[in-house]
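S.K.: here are the coordinates; sequence isn't available:
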C-alpha cells in the first residue's frame, strides 16, 4: 500500500499576511512552513501504510523551498516530489491541480492520494477534486475517517446534515478535514533521517507543462482591484471588575433579546 | 451590463431547498435576464420554491441513486453548457458545491473564482468579491477567458427574496457515462440530531473556544444558549480538538452566521473564525487577552476570565 500526500508550504500564519503590491497575490518570499492542515493527511497516510508501504509527498512551491517538506519527511514520509519553477508564480487552483496531478505521475505506484480539504492561506477548497478530475479518479472529499479494505477505501464524509459512509474503489483521491487524527511530532531521529531523504525537484518542462499555461500567463482569472473593506465601528471594551456580566445583561436587554 | 443567462446550482437538505440556493437565485435575478437552476436529483418537489425565487426552469438529472453528486452533476452541466450557453454558473460554498465546481472546472478547462461574498460589474465583466485577511480587504477578480464563469459563493452573502414567479419548468439534464471517476458510492447516511435553534438561522448564537480550557466547560455555553433560546457554536480549534461536533463550527470551514447577537466566549478571533461571524448585527466578546483580534469586531468587549464572567451571566439570566 503506497499513499501520495499533497502538501503545501505556506507563509507562517502567525506572521501578518501581506499582498505583493504589483501582483496583488499573497507574498510567499519568506521562509515557508508545512501547512498545519496537511499534517493530518500526512499522519493519516503514515497510519494507513504502517510497515507495508511508503508515503510520498508531492508539492509545488516557488524558489525550491523544502523546509515544510522536511517537516513531513521527519514525521515519516519516505520521499518527496517538488515542482518548482519561476513560471508558476501566480498560478490559480486549476493550474496547481494540473501541476500536482503531473507530479503524482512521477511519484511511482500508488493506491491512494490524500490532500487537505483546503489550504490555510488560499483556501479555495477545490484543488483535491480538480486533481481527481485531471487524473480521472474517483474522489471523496471532507473525510473525517478513512479505512482501507482490500482494494476499496471507506470514508466517513462530512455533510451539511451529518455524515455519509462512502465506499470507493482504489486508486482514489480523498481530502481530509482538520483534527481527524493527532499528527505526531517529528522525533530527533526522524529529523536527522529527513535530511537525507530524497526530494525530487522538477521544473515545468520536466512534467510537460508549457510555461505559457502556468502562473500569471495561464491563470484564466485576473485580480482587478484590492479595496479596503468597510470596518465595523469600534465598540466599548471594558475590563471585568467582577460586575461586567451586568453590562452584557443590559446590552441584551436593550436589544430586546431578553 | 446585464448578462443574458445565469445558472444556479440548487441544493436540497432533507428535501428542503437550501437557503444558499435561494440567496444565489435572488442575486442572479439582479444580474441576468434569465435565471435557471440546475439540480442533481428529482426536482419535481422543489420546482415551486425555485420558481418563487426567480428560476424559470430547473435542469434536473433525476435521482442520482447512491452516487456522490460531484462527478455526475459536473459531467451533466459540462455536457449541457455548449447549447444552453449560460454566461455564469453560481454554486454554493458547500461540500457538494465545491466538488461540482472542481470537477466542472477541469471538464470545461476554466478556473473557479472562490469564496465570493458579492458579485459586481467591473470593466464590463462580472467580478467576484472575496474578503481576505479576516475581511479587512476585498479582492475583486474577473475571468479573462471566453468560457463560462464559475463562481463559488459563500452562504449568507445575500438575502433571499421571492420574485413572485410561478413554478420553474422541470427540464431533463442527462448525465453522461462517468466511467471509473464516478465509482464512489454512498452506502449509509447519518443525520446528526441537534435540538434547539439551527446555528445558521438562530437570532442569537453563543460560541465557545479554547479559552474555555477543557471540553467539560463547554456545558456553560450550552446552558447559556438554552437560557437565551440561542444556538450553541464553536471555534475551529475546539472542533478540531474533538470537544464538539463539526456541525457546531462557525467560520471559514464551518457555518457562516449572521444573528442579531453573537456572543464569543474564550475565542481569540482567528481570521478563519472572523469571516464566519463578522456579519452579525451585534457582537459581544469575552476574552482574557486584551489584544485578541475578536475585540476589533466587538460592539461590547469584556476583558476577563470566561470562567468568572459566564457563570455570573448565566445566573443573572436564569433569575430573570
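M.R.: Yes, it's here. A quick note: this is a predicted structure, and the numbers were derived from the prediction, not measured.
S.K.: Now do the SS call for residue B:302.
M.R.: Using DSSP: H, G, I helix; E, B strand; the rest coil as the criterion, the local structure at residue B:302 reads strand.
S.K.: Up against chain B, what does the stretch 1-150 of chain A have?
M.R.: Proximity of the stretch 1-150 of chain A to chain B is confined to A:17, A:19, A:24, A:92-94, A:97, A:117-118, A:120, A:123-130, A:132-134, A:136-142, A:144 under the rule CB under 8 Å from any CB of the partner chain. C-beta: built from backbone N, CA, C; applies to glycine.
S.K.: For PyMOL, write a command that selects the buried ones of these.
M.R.: Isolation of the buried members of the residues of the stretch 1-150 of chain A next to chain B (16 or more other CB atoms under 10 Å in any protein chain shown) is achieved in PyMOL through the command below:
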select buried, chain A and resi 17+19+24+92+93+94+97+117+118+120+123+124+125+126+127+128+129+130+132+133+134+137+138+139+140+141+142+144
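S.K.: what ranges do the helices span in the stretch 151-300 of chain B?
M.R.: Counting by DSSP state H, counting those that start in this stretch, the stretch 151-300 of chain B forms helices over residues B:218-227, B:236-240, B:271-277, given from the N-terminal end onward.
S.K.: and among those helices, the most buried is which?
M.R.: A comparison of those by mean neighbour count, using mean count of other CB atoms under 10 Å in any protein chain shown, puts helix B:271-277 on top with a mean of 24.
S.K.: And the contacts of that helix?
M.R.: A:120, B:131, B:133-135, B:205, B:207, B:209, B:235-236, B:250-257, B:262, B:264, B:267, B:283, B:293-294, B:297 (CB atoms under 8 Å, 6 or more residues apart in numbering or on different chains).
S.K.: do the helix or strand of chain A with the lowest mean pLDDT and chain B meet at all?
M.R.: Using mean pLDDT, DSSP states H and E, the weakest-scoring helix or strand in chain A turns out to be helix A:215-218, at a mean of 88. No - Helix A:215-218 stays out of contact with chain B when judged by CB under 8 Å from any CB, the minimum separation being 9.4 Å.
S.K.: And that helix, how far out from the chain middle?
M.R.: How far helix A:215-218 lies from its chain's middle: 21 Å, per CA atoms, centre = their mean, to the nearest Å.
S.K.: So which bits of it are buried?
M.R.: Residues of helix A:215-218 classed as buried under the neighbour-count rule (16+ other CB under 10 Å) are A:215, A:218.
S.K.: Could you tell me how far stretch B:112-129 lies from the centre of the chain?
M.R.: Per CA atoms, centre = their mean, the centroid offset for stretch B:112-129 relative to its chain is 17 Å.
S.K.: about what we covered before: each with direction, which strands does the helix or strand following the least confident helix or strand of chain A pair with?
M.R.: Tracing the chain C-terminally past helix A:215-218 and defining elements by DSSP states H and E, one meets strand A:221-228 next. With DSSP bridges as the criterion, the sheet partners recorded for strand A:221-228 are strand B:137-143 (antiparallel).
S.K.: So what pairs up with residue B:207 in the strands?
M.R.: Applying DSSP bridges to residue B:207 gives these bridge partners: residue B:233, residue B:264.
S.K.: Give me the neighbour count for it.
M.R.: The burial metric for residue B:207, expressed as a neighbour count using other CB atoms under 10 Å in any protein chain shown, is 28.
S.K.: give the contact list for it.
M.R.: Residue B:207 makes contacts with B:221, B:232, B:233, B:234, B:235, B:250, B:262, B:263, B:264, B:265, B:267, B:277, as judged by CB under 8 Å, 6+ apart.
S.K.: would TSV of the helices of the stretch 151-300 of chain B with mean pLDDT be doable?
M.R.: Compiled in TSV, the helices of the stretch 151-300 of chain B are given as follows (pLDDT from 0 to 100):
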stretch	mean pLDDT
helix B:218-227	96
helix B:236-240	92
helix B:271-277	90
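S.K.: closest to residue B:174 out of the ones you listed?
M.R.: Nearest to residue B:174 among the helices of the stretch 151-300 of chain B is helix B:271-277 (37.4 Å), distances taken as CB to CB.
S.K.: For the closest one, what is the distance to the chain centroid?
M.R.: Here the centre of mass of C-alpha atoms in helix B:271-277, compared against the chain's by CA atoms, centre = their mean, lies 13 Å away.
S.K.: What helices and strands are in contact with the top helix by length along chain A?
M.R.: For chain A, the helix reaching the highest residue count under DSSP state H is reported as helix A:36-49. The elements that helix A:36-49 packs onto, with contact taken as 3 or more CB pairs under 8 Å, 6 or more residues apart in numbering or on different chains; DSSP states H and E, are strand A:3-6, strand A:55-60, helix A:67-75, strand A:112-116, strand A:139-149, strand A:172-176.
S.K.: ok, is stretch B:166-186 in contact with chain A or not?
M.R.: Yes - contact of stretch B:166-186 with chain A is found when judged by CB under 8 Å from any CB, involving B:179, B:180, B:181, B:182, B:183, B:184, B:185, B:186.
S.K.: that older thread, in JSON lines: the helices of the stretch 151-300 of chain B, plus distance to residue B:164.
M.R.: Output for these, formatted as JSON lines (distance: least, CB to CB, whole Å):
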{"stretch": "helix B:218-227", "distance to residue B:164": "37"}
{"stretch": "helix B:236-240", "distance to residue B:164": "40"}
{"stretch": "helix B:271-277", "distance to residue B:164": "32"}
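S.K.: Which of those helices sits closest to residue A:157?
M.R.: helix B:236-240 (16.2 Å).
S.K.: Mind listing residues that contact the closest one?
M.R.: Defining contact as CB under 8 Å, 6+ apart, one finds that helix B:236-240 is touched by A:178-179, B:208-210, B:212, B:215, B:218, B:244-246, B:248-249, B:251-254, B:270, B:272-273.
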